[in-house]
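In: prediction below, plus the sequence it came from.
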Amino acid sequence: MRIPRGGGRLLLATCLGSLFVLLLYFQSVTKAEPEGNPSLSRTGKSRRSPLQALYNGDQQMDMLAAQRSLQGRRELLEQACLGHTRKRRVLSPEDLKHLIVDDKHSLIYCYVPKVACTNWKRILMVLTNGGRYSDPLDIPANEAHVTGNLRTLSEFTVPEINHRLRSYLKFIFVRDPFERLVSAYRNKFTRSYNTAFHKRYGTKIIRRHRKDPEPEALQKGDDVAFHEFVQYLVDPRTQREEPFNEHWERVHTLCHPCLIHYDVVGKYETLEPDAQAVLRLAGVENLLHFPTSGKSTRTDGNMAARFFKHISPLYQKKLFNLYRMDFLLFNYSMPDYLRS
Ligand SMILES: *[C@@H]1O[C@H](CO)[C@@H](O)[C@H](O)[C@H]1NC(C)=O
């Protein structure tokens, strides 16, 4: 039997009233919890947890190819982390706010906006919400994002967090960083209904990065150009003032992939088979299908290339440096359209 690598073990370092600091402990877990908390399938029979299903060798033949590519991504991530992060870092509960927990199926999912996260949240609502919904697509998108509909790891106590990191299947879905960025820009700045983003970010971007803006643009913030958005991202003041909004924050910062050892790294570029693999490991592939979006407006490489054509090489380089860790950790290369 293969022993799963640990979830990254959290030890309680100090506990001062409500302030507690969690110390991340890099040691691989030497002992898995094979029968720690066997979950029940709908038929009431004890079954293996998703984590056991992933690491315990005897999968069906057609899973093997998929398993191998998942293993390759895990190893690449591990190597990249070793090569590019120097210090052990301290994790706090605040760092675990993007990790959604499904206690029933022993799953932890770190959500990354613009990487099919609405559909993953819908799936997890069906899995955790005891029968209220059976079809993910019955759940309106805005309801999937209501905080409180799903539990996050940050809500648990330190021993509860440790137990879950050790024994649950932890998964994440990532995407080419620049395609994700173009997708975020299109969604938040080119759709007239996103007035909250226009007010909150658009007005500031126009004030700082446009010469002689019209008073109306300054007031509404609804016509930010992509190059202005890029200038905003690479402006050192931006991150000094507050963290990036989660729609353009780096996966490295949202999900801490060098501190939390993800068992499955899914990719948006192979969303359907990767989602299917996770559902299969969770033992729910016959109950649920990952919603496939037939959206023709999806941002792809060609579209990203069109947006980047108007960005100067200097700013392309700055932007690449900003998202460098996401490129390295998840095996994305500098896009072709930037190299020329
Ligand atoms: C990394 O990306 C390259 C180029 O796309 C690919 O050939 C290789 O298989 C990838 N490696 C892993 C471990 O996914």
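Out: Perfect, I can see it now.
In: I'd like to know how many residues surround Ser333.
Out: Close neighbours of Ser333, defined as other C-beta atoms under 10 Å, add up to 10. In short, each C-beta sits where N, CA and C put it, glycine included.
In: ok, for it, nearest residue in space, not its chain neighbours?
Out: Spatially, and ignoring its direct neighbours in sequence, Ser333 is nearest to Phe327 (7.0 Å; C-beta to C-beta, 6 or more residues apart in numbering).
In: wait, is the one you found part of a strand?
Out: No: assigned with DSSP: H, G, I helix; E, B strand; the rest coil, Phe327 falls outside any strand and is helix.
In: quick check: it touching Phe320?
Out: Yes: between Phe327 and Phe320 a contact is recorded at 7.1 Å, counting by C-beta atoms under 8 Å.
In: which of these two has more neighbours?
Out: Between Phe327 and Phe320, counted using other C-beta under 10 Å, Phe327 has the larger neighbour count: 20 against 15.
In: Val174 versus Val112, what's the distance?
Out: 6 Å (C-beta to C-beta, to the nearest Å).
In: any shared contact partners between these two?
Out: Residues touching both Val112 and Val174 (C-beta atoms under 8 Å, 6 or more residues apart in numbering): Val251.
In: any low-confidence regions in the stretch 51-200 of the chain?
Out: Counting by pLDDT under 70, the low-confidence segments of the stretch 51-200 of the chain come to 57-64, 131.
In: residue of the stretch 101-250 of the chain with the smallest distance to the ligand?
Out: Relative to the ligand, the nearest point of the stretch 101-250 of the chain is Asp176 (10.7 Å; C-beta to the nearest ligand atom).
In: can you pull the contacts of that residue?
Out: Applying C-beta under 8 Å, 6+ apart to Asp176 gives the contacts 268-269, 301, 304, 332, 335.
In: turn those into TSV, including neighbour count and secondary structure.
Out: Formatted as TSV, the contacts of Asp176 follow (neighbours: other C-beta atoms under 10 Å; DSSP: H, G, I helix; E, B strand; the rest coil):
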residue	neighbour count	secondary structure
Tyr268	19	helix
Glu269	13	helix
Gly301	15	helix
Ala304	21	helix
Tyr332	19	coil
Pro335	18	coil
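In: so which of those reach the ligand?
Out: Subset of these in contact with the ligand: empty, counting by C-beta under 6 Å from any ligand atom.
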